[in-house]
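Peer 1: next input, structure requested:
(chains A and B)
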Number of protein chains: 2
Amino acid sequence: MTATAASYAAVDWGTSSFRLWLIGKDGTPLGERRSGEGMTTAAQEGFSAVLERHLAALDAPADLPVMICGMAGARQGWMDAGYMDVPARLEEIVGRAVVVPHSSRDIRILPGLAQRIEAAPDVMRGEETQLLGAYDEIGAGSHLLCMPGTHSKWVRLRDGAVEGFSTFMTGELFDVIGKQSILRHALDGSEAFDGTHPAFIQAVKTACVSPARFSNLIFSARSGQLLHGLDATSAKARLSGLLIGLEIAGARDTAPDAVQVQLVASGAMAALYEAALSAALLGVTVIDADLAVRRGLQAAARAVWP
Amino acid sequence: MTATAASYAAVDWGTSSFRLWLIGKDGTPLGERRSGEGMTTAAQEGFSAVLERHLAALDAPADLPVMICGMAGARQGWMDAGYMDVPARLEEIVGRAVVVPHSSRDIRILPGLAQRIEAAPDVMRGEETQLLGAYDEIGAGSHLLCMPGTHSKWVRLRDGAVEGFSTFMTGELFDVIGKQSILRHALDGSEAFDGTHPAFIQAVKTACVSPARFSNLIFSARSGQLLHGLDATSAKARLSGLLIGLEIAGARDTAPDAVQVQLVASGAMAALYEAALSAALLGVTVIDADLAVRRGLQAAARAVWP
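Peer 2: I've put the predicted structure just below:
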């Protein structure tokens, strides 16, 4: 059985997603589980029950330890794993894992990062572990990182320390505006698109040039349909491009000198943001987000269970 | 009976609201009905049924003519009343009312305005009638008008002609972001606020200075609550201020030389926008929107039924 060879389980537990890997002595993933049982769902069924069910499905031993990052450590999650305040050295995260009490196995949750600035308060949970895992690839020096998603994070990293970061609600705004506002009519019947779609690229550029007009520009998805027969897929690509373009324009406000971005992402999301950042005339290096979070959890596991 | 003295009925039929007045020979309102039976609701029950029920409630004669503006004239409304293309002279609207066929009484719907520019397509329905009614107060010369609402309209008017306009989805974004996104937790339990709330004023100023950071700044309603105990009412005021500030910044992009704004609004909305525009260092003249739309419908009625 592969499961008996596992040293620990690594879990990335987000707001709306759950991912678990059994990890062998040399860091090799021996088994994987993915589901939509994120914090929101698990808070109802019970975090322990969800976790044990996935571990049992992989025949994991009853005493296998578990290292967790993400929203499971939020106040509304399994238990509050707290925050490390920025500026924060990534390597220090591994020593801050919090033990989940009253558990039959050794379960630990990594803390998030908090930026306690009155004018720009911000929080992250999970991305700090990705950053830790990505650091080997990034190396020393000053870097601007983009970590796209429901709540995209842009991080200013210098020599392994997070200096500051900003959350952009891009993914969630795409979801609520596209599904709940009047624009849902314009997007009705739309198909998948990617970063090569002309309406997407044009929208990224327009939002970068005129970010102040955002709440006007998105309306053009509807008026463009009414007056110029804009098709639904182009309308969706335009909404997406305007939101990602706005995010890039805003991130540039926080780091005006940046010319190169380290993009921590996977799959279709990575391809979409790579196209957008290129359209915004920024250089891009892609770092695989899935691999990064596993490496970060591995670093934490090795520090706790050497 | 007052209703027998009525010359016609004036109706402002929006997406989510219905307002009807019986108007006497001298333009005096003799009776009024307001309800939430906007286009969306009426499309299900039937426009004629909704209208006749409100007319009957005011004992209106069976042959009283009706002049309508707004979304009832949309493709998804009662009947498509078309658009006048901008640039458009306001006085020409009155001659463009479309007759609703197969009706036992004389019912007419005024057209909207369309801006058929590929890079900035835009439409309005209802506001053109408000503009017509407001013109007496505004007078000749070049003016920038702000008409706040679910979809705020900013209009560039010169000597009675609409040169161009821009829709900002401010009200609808406030609704979907405040109720459907993660920010709903931060706004939970919030109370009413007005334009004197410090969090509102500060947010307007912040969005005017850094509009590109909009999708980051709104997240501070949540992170500010997590890290600094921001109260729910302040969080709501902040979201509102950021959206209205973004709108003002965007409108300035389209009319960079404007120093004075004609605000066409009523009640609490007028007070909120007056405070926001002042915070953005723009001069403000308030024109009552309710009165304006009635005057516009009156001008159309007089042209058709002299």
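Peer 1: how about the helices of chain A, start to end?
Peer 2: Using DSSP state H, the helices of chain A run over A:39-45, A:47-57, A:127-138, A:170-180, A:183-187, A:198-209, A:214-217, A:220-228, A:232-254, A:267-279, A:289-304.
Peer 1: how many neighbours does the residue nearest to A:Arg96 when sequence neighbours are not counted have?
Peer 2: In this structure, A:Arg96 finds its nearest non-sequential neighbour in A:Pro111, 4.8 Å apart by Cβ to Cβ, 6 or more residues apart in numbering or on different chains. Where C-beta positions appear, they are placed from N, C-alpha and C, glycine not excepted. Neighbour count for A:Pro111, taken as other Cβ atoms under 10 Å in any protein chain shown: 21.
Peer 1: cool, and A:Ala268?
Peer 2: By other Cβ under 10 Å, 11 other residues sit near A:Ala268.
Peer 1: surely it is in contact with A:Asp194?
Peer 2: Yes: when contacts are counted by Cβ atoms under 8 Å, A:Ala268 is listed as touching A:Asp194 (7.0 Å).
Peer 1: residue contacts, the residue lying farthest from the centre of chain A?
Peer 2: Centroid-distance maximum for chain A: A:Leu227 at 37.3 Å, with Cα atoms, centre = their mean. Counting by Cβ atoms under 8 Å, 6 or more residues apart in numbering or on different chains, A:Leu227 touches B:Ala114, B:Gln115, B:Arg116, B:Pro121, B:Val123.
Peer 1: which of the residues you listed fall in strands?
Peer 2: Among the contacts of A:Leu227, the ones falling in strands (DSSP state E) are B:Ala114, B:Gln115, B:Val123.
Peer 1: out of those residues, who's near chain A?
Peer 2: Contacts with chain A within the ones in strands among the contacts of A:Leu227, counted by Cβ under 8 Å from any Cβ of the partner chain: B:Ala114, B:Gln115, B:Val123.
Peer 1: and A:Leu22, how many neighbours?
Peer 2: With other Cβ under 10 Å as criterion, A:Leu22 counts 25.
Peer 1: which residues touch it?
Peer 2: A:Thr2, A:Ala3, A:Ala6, A:Tyr8, A:Ala9, A:Pro29, A:Leu30, A:Gly31, A:Glu32, A:Leu58, A:Ala60, A:Leu64.
Peer 1: distance of A:Thr170 relative to A:Leu246?
Peer 2: Here A:Thr170 is placed at a distance of 8 Å from A:Leu246 (Cβ to Cβ, to the nearest Å).
Peer 1: again but with A:Ile23, I slipped
Peer 2: 38 Å.
Peer 1: with A:Thr206 instead?
Peer 2: A:Thr206 is 10 Å from A:Leu246, by Cβ to Cβ.
Peer 1: with A:Ala268 instead?
Peer 2: In terms of Cβ to Cβ, A:Ala268 sits 20 Å off from A:Leu246.
Peer 1: what stretches of chain A score poorly on pLDDT?
Peer 2: Within chain A, the stretches with pLDDT under 70 are A:1-3.
Peer 1: one more time with 50
Peer 2: Across chain A, residues meeting the criterion (pLDDT under 50) sit at A:1.
Peer 1: let's check: the centremost residue of it is which one?
Peer 2: A:Gly149 (4.9 Å).
Peer 1: OK, contacts around it?
Peer 2: A:Thr170, A:Gly171, A:Met269 are the contacts of A:Gly149 under Cβ under 8 Å, 6+ apart.
Peer 1: would you mind measuring from the last one to A:Ser152?
Peer 2: When you say that, I think you mean A:Met269. Counting by Cβ to Cβ - A:Met269 and A:Ser152 are separated by 10 Å.
Peer 1: what is in contact with A:Ala268 and A:Asp194 at once?
Peer 2: The overlap between the contact sets of A:Ala268 and A:Asp194 (Cβ under 8 Å, 6+ apart) is empty.
Peer 1: based on its surroundings, how many neighbours for the closest residue to A:Pro101 other than its chain neighbours?
Peer 2: Distances taken as Cβ to Cβ, 6+ apart place A:Met79 nearest to A:Pro101, at 7.8 Å, with adjacent residues excluded. Counted with other Cβ under 10 Å, the neighbours of A:Met79 add up to 16.
Peer 1: likewise for A:Leu243?
Peer 2: 27.
Peer 1: so what's it up against?
Peer 2: The contact partners of A:Leu243, taken as Cβ under 8 Å, 6+ apart, are A:Thr170, A:Leu173, A:Phe174, A:Ile177, A:Ala207, B:Ser215.
Peer 1: of the residues you listed, just say which sits nearest to B:Ser16.
Peer 2: For the contacts of A:Leu243, the minimum distance to B:Ser16 (Cβ to Cβ) is 17.7 Å, reached by A:Ile177.
Peer 1: skipping adjacent residues, who's closest to that closest one in space?
Peer 2: Per Cβ to Cβ, 6+ apart, closest to A:Ile177 is A:Leu183, 5.9 Å.
Peer 1: I figured the one you found hits A:Lys236, correct?
Peer 2: No: A:Leu183 is not in contact with A:Lys236 according to Cβ under 8 Å; the separation is 9.1 Å.
Peer 1: what sits in contact with each of the two?
Peer 2: Common neighbours of A:Leu183 and A:Lys236 (Cβ under 8 Å, 6+ apart) are A:Ala221.
Peer 1: chain center to stretch A:195-213, what's the gap?
Peer 2: 22 Å (Cα atoms, centre = their mean, to the nearest Å).
Peer 1: list the buried residues of that stretch.
Peer 2: Neighbour counts over stretch A:195-213 (16 or more other Cβ atoms under 10 Å in any protein chain shown) mark A:195, A:197, A:199-208, A:210-213 as buried.
Peer 1: restrict the residues you listed to contacts with chain B.
Peer 2: Answer for those near chain B (Cβ under 8 Å from any Cβ): A:Ser210, A:Pro211, A:Ala212, A:Arg213.
Peer 1: I'm done for today, thanks for sticking with me.
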